[in-house]
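**Q** Provided below are the primary sequence and the corresponding predicted coordinates.
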Number of protein chains: 2
Amino acid sequence: MQTTSELMACNPFLSYRISISFSSLCKTLSPLLRTSISFPTRSPQFNPIRFHSRSMMANSFSWDDVFRISQADNDLDDSSDLQGFFERVKACNRGCEKKSEFIPFVIEQQIVGYIHNRFANHLREFHNVFDFLEDKSYSSHFGGYITLNPSLKSSEDRTEAVADVINCLGGLIPGTRNELYPVTSSFGKPEFFSLERAAAPYFGIKVYGIHMNGYVNKDGNKFLWIGKRSEVKPTFPGMLDHLVAGGLPHGITCKENILKECEEEAGLPRSISNRAVPVGVVSYMDINGYSFKRDVLFCYDLELPDEFIPTNQVQLNVTDGEVESFKLVPVTHVMNIIRRVEFFKPNCSLVITDFLFRHGYISPENDGYLQLLQSLRSGDCS
Amino acid sequence: MQTTSELMACNPFLSYRISISFSSLCKTLSPLLRTSISFPTRSPQFNPIRFHSRSMMANSFSWDDVFRISQADNDLDDSSDLQGFFERVKACNRGCEKKSEFIPFVIEQQIVGYIHNRFANHLREFHNVFDFLEDKSYSSHFGGYITLNPSLKSSEDRTEAVADVINCLGGLIPGTRNELYPVTSSFGKPEFFSLERAAAPYFGIKVYGIHMNGYVNKDGNKFLWIGKRSEVKPTFPGMLDHLVAGGLPHGITCKENILKECEEEAGLPRSISNRAVPVGVVSYMDINGYSFKRDVLFCYDLELPDEFIPTNQVQLNVTDGEVESFKLVPVTHVMNIIRRVEFFKPNCSLVITDFLFRHGYISPENDGYLQLLQSLRSGDCS
């Protein structure tokens, strides 16, 4: 295994000194500057403008591109400007003005989710499973709410009946993966039933996950282990990711989940992952078409030994590996990546921004400090 | 100077093993247990029931009492129960149902504060300084708002005119101390004028402060330096406090303020205090009579060397010292103090609870984790 010192010799992310010309700096930073800078020629191997389009985020950059973006630093790009961080938070909190298009999904007098009125029309035919009731108690724009048929009393019955509906709906809910999420009114409360992970945003249920910042502290300089997702992942292929992250499935605690994911996603033995520290949460609410994401991410920090190198255990066993590769990146460079481009899987940007706050990389002297900090918990954090 | 190891030998807070009988445990814990336990005799030197009354918080306990409360641990007192923490947060967030009794205080079309309608009557006679205007724009229960007379254009003129009013009001605003707080719409925005610190809650302006958790990490076990306020302090005499804390006065940044307060309150040289890390904020809104507190506290962590012993510079120079004495207390014991009794100055409990979250002492496995975390930012955090 390589130590951090050895890595510093071969990993460009760990080299602080780099010569960069003004013209290449303009190319790198051009999409990020508010004033327009024209440059006649573009490097054939790298065009940062591509990365400004959300639709082109995935599959469109290499570690070399990440390296260039993370490095550039000059007077034109104010490192104290939090604008880029606000944009990342905004990207996870779209469409709040469209909440009125959704109908409350209620079980045992508790709102557990929100279903888009047009998606709900597809559920109407399953009258043995879903009931549409008129009642203004839940302040719905549509004067009613959706619930499960009272004949479905047990958690098992409900889980099975809703799963059958999801199967019948076929392509309307893509990417089913036979992973169940608990449906509750809030975290830790009794589970009313379990729902296919891919269907969660269509029912607008609260979804919980765990995200871990794995970092190395080298003489006071901190480095984050960053993953690059496999190009064959169905969601966010090729994007940057945490060392360890995952949804919180049915029947497992956060602590058990973090240990499991550490082992599977980074090859971390329990002797190390046991030291992972829960440090808070970030939350967001994102409406996009029929999808209403209400996510709460439990954040963990894990200080790793110098000599540790992550290996993806899933990648070794199956063809659709989670992560293609990992690199150790100075936290100051990770900041530049988040500020400047949308390379990270969107919710990872939020969890890393929370890390930057807690570790003093963003300080009260930065204009917008309080607003950005508050925006990291835009979602209903319960 | 003593090292932590040396301190462990003489400071009862650093001794983990202590023999405690069941009867003394009942006495210590009785006010904290939901089930009633009767005990016929009470120790003359210590009666924990006294501490359950908010009005008797101050001037009523010694370090020995703190020590006893912090130690006791048994099956009847569930250390994973967050109830005590919720109570501390609630104590800083009283009276939200009374917000309608306040009239918006507006300057240059921005709400900068809230003034109680009955307190406002005292301001009416100063018609060269305050204007009472009818206007429903600011959704006031009273159909109007209070502003400064338009003849007061400059910050200096406003500051002077309002100060004169405060002097005229005399005993209505007790404890004036000639310390000015900036009046703004939100943090970092231009200052409309400056207001006497003691008057801030009567005008309901947003007040910013800095609080620092000074801690020592000894082989993975963390200890917090805790202060006990002087018995002659006009506010919260005798209560427990942070190593360093203070309001953020007019014309000074958080960073400059933390360095200044570290020196004054704990004798910390800049070579050490420079390492203080900004880690986030807590906020609260508290209504009590005419007083409307809207406080935002910038939190800092500072890991201190083993051998450092704080000394209060103010105490050495003047008679009304800030802090009587400091002790180094295991974080797990600090948790017990906060959970069980109201010994800490109320807002310190919130900042320490935030520390407990960030350092993993409170975890997602604790029932109420998310609600408690969110409640630490109950105030308008802007």
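**A** Right, received. Where do you want to start?

**Q** near chain B, which residues of the stretch 201-350 of chain A show up?
**A** By CB under 8 Å from any CB of the partner chain, the residues of the stretch 201-350 of chain A that approach chain B are A:253, A:254, A:255, A:277, A:278, A:279, A:280, A:281, A:296, A:298. (Each C-beta comes from the backbone N, C-alpha and C, glycine too.)

**Q** would you list every one of the strands in the stretch 151-300 of chain A?
**A** A:180-183, A:193-196, A:206-218, A:221-229, A:240-241, A:244-247, A:277-288, A:291-303 (DSSP state E, counting those that start in this stretch).

**Q** Take the ones you listed and write them to TSV, including distance to residue A:324, mean neighbour count and mean pLDDT.
**A** Rendered in TSV, the data for the strands of the stretch 151-300 of chain A read as follows (distance: least, CB to CB, whole Å; neighbours: other CB atoms under 10 Å in any protein chain shown; pLDDT from 0 to 100):
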stretch	distance to residue A:324	mean neighbour count	mean pLDDT
strand A:180-183	26	23	94
strand A:193-196	27	23	96
strand A:206-218	17	23	97
strand A:221-229	5	22	95
strand A:240-241	10	24	96
strand A:244-247	15	22	93
strand A:277-288	25	22	97
strand A:291-303	21	22	97
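
**Q** Redo these as CSV? Include distance to residue B:273.
**A** Formatted as CSV, the strands of the stretch 151-300 of chain A follow (distance: least, CB to CB, whole Å):
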stretch, distance to residue B:273
strand A:180-183, 46
strand A:193-196, 51
strand A:206-218, 20
strand A:221-229, 20
strand A:240-241, 35
strand A:244-247, 35
strand A:277-288, 24
strand A:291-303, 24
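
**Q** Which of these sits closest to residue B:208?
**A** Across the strands of the stretch 151-300 of chain A, residue B:208 has its closest neighbour in strand A:277-288 (21.4 Å, CB to CB).

**Q** tilt between the closest one and strand B:277-288?
**A** Going by axes from the mean of the first three to the mean of the last three CA atoms, to 10 degrees, strand A:277-288 is angled at 70 degrees with respect to strand B:277-288.

**Q** which strands and helices sit next to strand A:277-288?
**A** Where contact means 3 or more CB pairs under 8 Å, 6 or more residues apart in numbering or on different chains; DSSP states H and E, strand A:277-288 is packed against strand A:291-303, helix A:346-358, helix B:346-358, helix B:369-375.

**Q** Now do that strand: distance to the chain's middle.
**A** Centroid separation for strand A:277-288 versus its chain: 8 Å, with CA atoms, centre = their mean, to the nearest Å.

**Q** Sketch out the low-pLDDT regions of chain A for me.
**A** Along chain A, segments meeting pLDDT under 70 span A:1-59, A:72-76, A:313-322.

**Q** ok, which pair from the residues of the stretch 201-350 of chain A next to chain B is furthest apart?
**A** A:277 and A:296 (18.0 Å).

**Q** picking that back up, show me the one of the helices and strands packed on strand A:277-288 that comes nearest residue A:89.
**A** Among those, if distance is taken as CB to CB, the winner is helix A:346-358, at 6.2 Å.

**Q** If you drop the residues flanking it in sequence, what lies closest to the residue in the stretch 51-200 of chain A positioned nearest to chain B?
**A** Taking CB to the nearest CB, chain B has its nearest neighbour within the stretch 51-200 of chain A at residue A:187, 5.3 Å off. Computed as CB to CB, 6 or more residues apart in numbering or on different chains, the closest residue to residue A:187 that is not its neighbour in sequence is residue B:370, at 5.3 Å.

**Q** who's in contact with the one you found?
**A** Going by CB atoms under 8 Å, 6 or more residues apart in numbering or on different chains, residue B:370 touches A:186, A:187, A:281, A:296, A:381, A:382, B:364.

**Q** Let's see if you can find the most crowded of these.
**A** residue A:281 (26 neighbours; other CB atoms under 10 Å in any protein chain shown).

**Q** beta partners of it?
**A** As for beta bridges, residue A:281 partners with residue A:298 under DSSP bridges.

**Q** Pull the contacting residues for it.
**A** Residue A:281 neighbours (CB under 8 Å, 6+ apart): A:296, A:297, A:298, A:299, A:377, A:381, B:370, B:373.

**Q** Repeat that for residue A:212.
**A** Applying CB under 8 Å, 6+ apart, the residues contacting residue A:212 are A:242, A:243, A:244, A:245, A:258, A:261, A:262, A:276, A:299, A:300, A:301, A:302.

**Q** can you pull the contacts of the closest residue to residue A:374 other than its chain neighbours?
**A** Using CB to CB, 6+ apart and skipping residues adjacent in sequence, the residue nearest residue A:374 is residue B:381, 4.6 Å away. Contact analysis of residue B:381 by CB under 8 Å, 6+ apart lists A:370, A:373, A:374, B:281, B:283, B:296.

**Q** what do you get if the cut-off is 10 Å, keeping everything else the same?
**A** Contact partners of residue B:381, counting by CB atoms under 10 Å, 6 or more residues apart in numbering or on different chains, are A:370-371, A:373-375, A:377, B:186-187, B:206, B:280-284, B:296.

**Q** In which helix or strand does it reside?
**A** Following DSSP states H and E, there is no helix or strand that holds residue B:381.
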